[in-house]
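sharing a sequence plus its predicted fold:
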Amino acid sequence: MNRLLPRLLALTCAIVFCFSASAEKARPPNIVIIFLDDSGWSDFKPFGDPNYETPHVERLAAQGTRFDNVYVPQAVCSASRAALLSGTVPGRNRVFGAHGPFGRGLTPDIKILPELLKPHGYATGHFGKWHIGDLPETRPLARGFDEHAGLMYSNDMWRFHPGNPEHWGKHPLQFWDNGKVTIEDMEKSDQENLTVWATENSVDFINRHHNQPFFLYLAHSMPHVPLFVSERFAGKSGMGLYGDVMMELDWSVGEVMKALDANEIADDTIVIFTSDNGPWHSYGNHAGATPWREAKATGFDGGLRSATVVRYPPAIPAGHRSTTLFNTIDFMPTLVKLAGAKFPEHEIDGRDIWPILTSQPLATNPHDYYPFSTSKTFEGIITGDGKWKLHLPHSYRHLIQSGNDGEDGVFQKWEIGLSLFDLKNDPNELINLINEEPVIAAELISWAEAHRAKFYDKTN
């Protein structure tokens, strides 16, 4: 009997270890979304070659996959955020443009990521800019977040707005912390700390919740104008205020990754780095860069395409570059499925793109098309394979003269007729093939007309 005892103890330990390892393996991944505001596609290496350093984003891309063709359904703040978190397009969720103070934002009837992850055991935290609802029922703590600190809307909606201070001065720019207003009306010195506060709160959240699955939504207010940077980064880039802001945002990425490493959970965490839309190029030296046509608040690729990096070592290849197209509405269903959480009862528009994110052989986009819009105007569709883009006739704001040092530029109202572009060979949308490709044009027009009839031929 004495000889059997050590063997029994060893077997018992082995069984306990196996169950422990199995339980640990069964834990769903942590999720971190770092969402910038108005960042240009070329603002960070390795996407562009700016004259300032962005080593932490470069390292993130080296450890994960760089995605060159990620689109948003609408290149404006509130619409883009609602689409990301809900997996629904603006035509369905009815969030268009940028909502101001006390705007209702996204209806509680449409569920968002934290509301779906929290019942599955996730701790949920949002730090930074919210901008999809400024009423009690649509603020972060009412939408599934355990913790929140930041602004309810854009940082330019304040009394110092250079273009319309009388309008925005009617409402204070408040800073909220877990359901309470801690700064009644932001001063310029407060805005200098927005990136730091969001980062510090995010790191603290990771440190406190590293022993359970968590969802961290770090939605920076920068580089949306007005630009502000902490004293530590003031003048650091040598390339002006915009370069300083981008270097501080890059630092923020590094701090988040350090926290994941320090808690030994970096490999258990899927990290998504992207932007709500392209640059607000009317602000000149206070705006980012994009190689594509036009910019924010248009249906051209300069507004709709966001440089994106996704890191998750167990499944996503490191140092890879993907040109497969997808849309930010696809993140929500992909993450819900990855977490093992339940989908909402209502219909969504996004689809599971895990095969694309993991660069599986022969992975293809599951959509026939993605719609795009500006404000309440439905403007066209992009095919899921990234080949074709159809513009319905619409007007858009074209920049004539950019502003400088925080001043807005001058626009003209331009028009585009029915247009078909081959994005593979003409990514700048310059050569209209509507007459040369009648069969393709007819199919895309039929899809666009069906989408308009379903979502837009009703009261907005």
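Perfect, thanks for sending it.

for Ile265, which non-adjacent residue is spatially closest?
Leaving aside its chain neighbours, Ile265 sits nearest to His210 (5.4 Å; criterion: C-beta to C-beta, 6 or more residues apart in numbering). (Glycine included, C-beta is placed from N, CA and C.)

helices of this structure, start to end?
4-26, 55-63, 77-86, 90-93, 113-117, 165-168, 188-191, 194-209, 241-262, 301-304, 331-339, 354-357, 438-455 (DSSP state H).

what's in contact with the last one?
Yep, that's helix 438-455 we're talking about. Outside helix 438-455, the residues that touch it by C-beta atoms under 8 Å, 6 or more residues apart in numbering are 89, 91-92, 368-369, 371, 378, 380-381, 383, 388, 390, 392, 418, 420, 433-434.

next one: the second one
Around helix 55-63, the neighbours that count as contacts under C-beta under 8 Å, 6+ apart are 44-46, 250-251, 253-254, 257, 271, 273, 309, 311, 313, 318-319.

now a ChimeraX select for only the buried ones of those.
Filtering those down to the buried ones (16 or more other C-beta atoms under 10 Å) takes a single ChimeraX command:
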select :44,45,250,251,253,254,257,271,273,309,311
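
which one of the contacts of helix 55-63 sits closest to Leu135?
Minimum distance to Leu135 across those is 30.0 Å, recorded for Phe273 (C-beta to C-beta).

any idea how far the closest one is from Trp168?
To Trp168, Phe273 is 30 Å away according to C-beta to C-beta, to the nearest Å.

of the contacts of helix 55-63, which is the nearest to Gln412?
Using C-beta to C-beta, the contacts of helix 55-63 come closest to Gln412 at Phe44, 30.6 Å.

could I get the contacting residues of Phe378?
Per C-beta under 8 Å, 6+ apart, neighbours of Phe378: 91, 371, 392, 448, 451-452, 455-456.

got the end-to-end distance for stretch 338-356?
14 Å (C-alpha to C-alpha, to the nearest Å).

output the below-cut-off pLDDT ranges for the chain.
1-25, 458-460 (pLDDT under 70).

one more time with 80
1-26, 163-169, 458-460 (pLDDT under 80).

filter the contacts of helix 438-455 down to the buried ones and hand me the ChimeraX line.
Filtering the contacts of helix 438-455 down to the buried ones (16+ other C-beta under 10 Å) takes a single ChimeraX command:
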select :89,91,92,369,371,378,380,381,383,388,390,392,418,420,433,434
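
now the residue lying closest to Ala142 once chain neighbours are set aside: how far from Thr107?
Excluding the flanking residues, the one nearest Ala142 by C-beta to C-beta, 6+ apart is Pro136, at 6.4 Å. Using C-beta to C-beta, Pro136 is found at 14 Å from Thr107.

quick one: which of these two has more around it?
Higher neighbour count among Pro136 and Thr107: Thr107, with 14 against 9, using other C-beta atoms under 10 Å.

wait, that one sits on Ser86?
No. Using C-beta atoms under 8 Å, Thr107 is not in contact with Ser86; the gap is 9.6 Å.

bridging residues for the closest residue to Arg397 other than its chain neighbours?
Of all residues not flanking Arg397 in the chain, Phe411 sits nearest, at 4.3 Å (C-beta to C-beta, 6+ apart). Beta-bridge pairing of Phe411 under DSSP bridges involves Leu399.

number of residues surrounding Phe411?
Phe411 has 14 nearby residues by other C-beta under 10 Å.

for Asp185, same thing?
Using other C-beta under 10 Å, Asp185 has 14 other residues around it.

Ser275: neighbour count?
29.

same thing with the one 5 residues further on?
Here the neighbour count serves as a burial measure; for Trp280 (other C-beta under 10 Å) it reads 27.

what of Thr377?
Thr377 - counted by other C-beta under 10 Å - has 15 other residues nearby.

contacts only, for the spatially closest residue to it that is not a sequence neighbour.
For Thr377, the nearest residue in space outside its immediate sequence neighbours is His394; the separation is 5.7 Å by C-beta to C-beta, 6+ apart. With contact set as C-beta under 8 Å, 6+ apart, His394 has these partners: 299, 374, 377, 379-380, 415-416.

now with 10 Å?
Listed by C-beta atoms under 10 Å, 6 or more residues apart in numbering, the contact set of His394 reads 298-299, 373-374, 377-380, 414-419.

ok, what's across the strand from it?
Ile416.

cool, Arg66 as well?
Assigned bridge partners for Arg66, using DSSP bridges, are Val309, Arg321.

isn't Ser230 up against Asp244?
Yes. Shown here, Ser230 and Asp244 form a contact pair, counting by C-beta atoms under 10 Å, at 9.1 Å.

which residues do those two both contact?
Joint contacts of Ser230 and Asp244 (C-beta under 10 Å, 6+ apart) are Lys236.

which one's more surrounded, these two?
Asp244 (22 against 18).

for the more buried one, which residues are in contact?
52, 227-230, 232-238.

separation between the closest residue to Thr274 other than its chain neighbours and Asp405?
Leaving aside its sequence neighbours, Thr274 sits nearest to Thr308 (C-beta to C-beta, 6+ apart; 4.2 Å). Thr308 is 30 Å from Asp405, where distance means C-beta to C-beta.

ok, these two, which is more surrounded?
Counted by other C-beta under 10 Å, Thr308 and Asp405 do not tie: Thr308 has more neighbours, with 24 against 12.

and the more buried one, how far from Pro333?
Look at Thr308 and Pro333: by C-beta to C-beta, they are 17 Å apart.

ok, Ala259 next?
27 Å.

check Val310 too.
Relative to Pro333, and taking C-beta to C-beta, Val310 is found at 15 Å.
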